[in-house]
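Asker: Quick one: sequence plus predicted model below, questions after.
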Amino acid sequence: MRRSGGKMADGGKGKSAPTAAGKALTAEQVVAGFNRLRQEQRGLASKAAELELELNEHSLVIDTLREVDPTRKCYRMVGGVLVERTVKEVLPALENNKEQINKIIETLTQQLQAKGQELNEFREKYNIRLMGEDDQKQSPKESADGAGAKTSSAGVLVS
């Protein structure tokens, strides 16, 4: 019995659980939250980049179709099915799609900025430093006054 009790008391989770129930988060929880925010930010940026490519494709097709005869046949993919239409039928739909994509990109850009601000506030709140980010800035200070140990133990270091 003593051995199992000792393991539970020595485990980091056993001692930090009561403090985590209060206000303070453990270092693992802070890192997990930070990584979650970074992943959400990456997802937004990825989706915005994907839509930018789609917007460029729409612009290219619209510019090409404006130069041809409006009665000319063209083909459009609708729900996985290739449909024959004329340029005058397809062009307004493409322009409408382009406008909608622009609106979505604007919304994603606003969400991306808000997520970046949330991420920076989270970094400041929990004193998070990324590996390699502050190392060059702090190395002259550390060698001059030996405050390196104090700085590294004060915050959370994320790779």
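Answerer: Nice, thanks for sending it over. Quantities reported herein were computed from a predicted structural model and do not represent experimental measurements. Residues are numbered from 1 along each chain as shown.
Asker: In this protein, mark out all the helices, start to finish.
Answerer: Taking DSSP state H, the helices of the chain run over residues 2-10, 12-21, 27-66, 87-125, 135-145, 148-154.
Asker: and the shortest one, average pLDDT?
Answerer: So that's helix 148-154. Regarding helix 148-154, the rounded mean pLDDT is 46.
Asker: for the residue nearest in space to the middle of the chain, what are its contacts?
Answerer: Nearest to the mean C-alpha position of the chain, by C-alpha atoms, centre = their mean, lies Q41 at 1.4 Å. Contacts for Q41 (C-beta atoms under 8 Å, 6 or more residues apart in numbering) come out as L112, K115, G116, L119. C-beta coordinates here come from the backbone N, C-alpha and C atoms, glycine included.
Asker: How about V61?
Answerer: Here V61 is in contact with L94 (C-beta under 8 Å, 6+ apart).
Asker: burial of I128, as a residue count?
Answerer: A count of neighbours around I128, defined by other C-beta atoms under 10 Å, yields 19.
Asker: okay, and for the protein, where does confidence drop off?
Answerer: Within the chain, the stretches with pLDDT under 70 are 1-23, 134-154.
Asker: hmm, back to that, out of the contacts of Q41, which end up buried?
Answerer: L112, K115, L119 (16 or more other C-beta atoms under 10 Å).
Asker: which residues touch the last one?
Answerer: It stands for L119. F34, L37, R38, Q41.
Asker: Give me the neighbour count for the third one.
Answerer: By other C-beta under 10 Å, 15 other residues sit near R38.
Asker: what's the answer for the first one, then?
Answerer: The tally of other residues near F34 (other C-beta under 10 Å) stands at 18.
Asker: what's the spacing between it and G43?
Answerer: Distance of F34 to G43, given as C-beta to C-beta, to the nearest Å: 15 Å.
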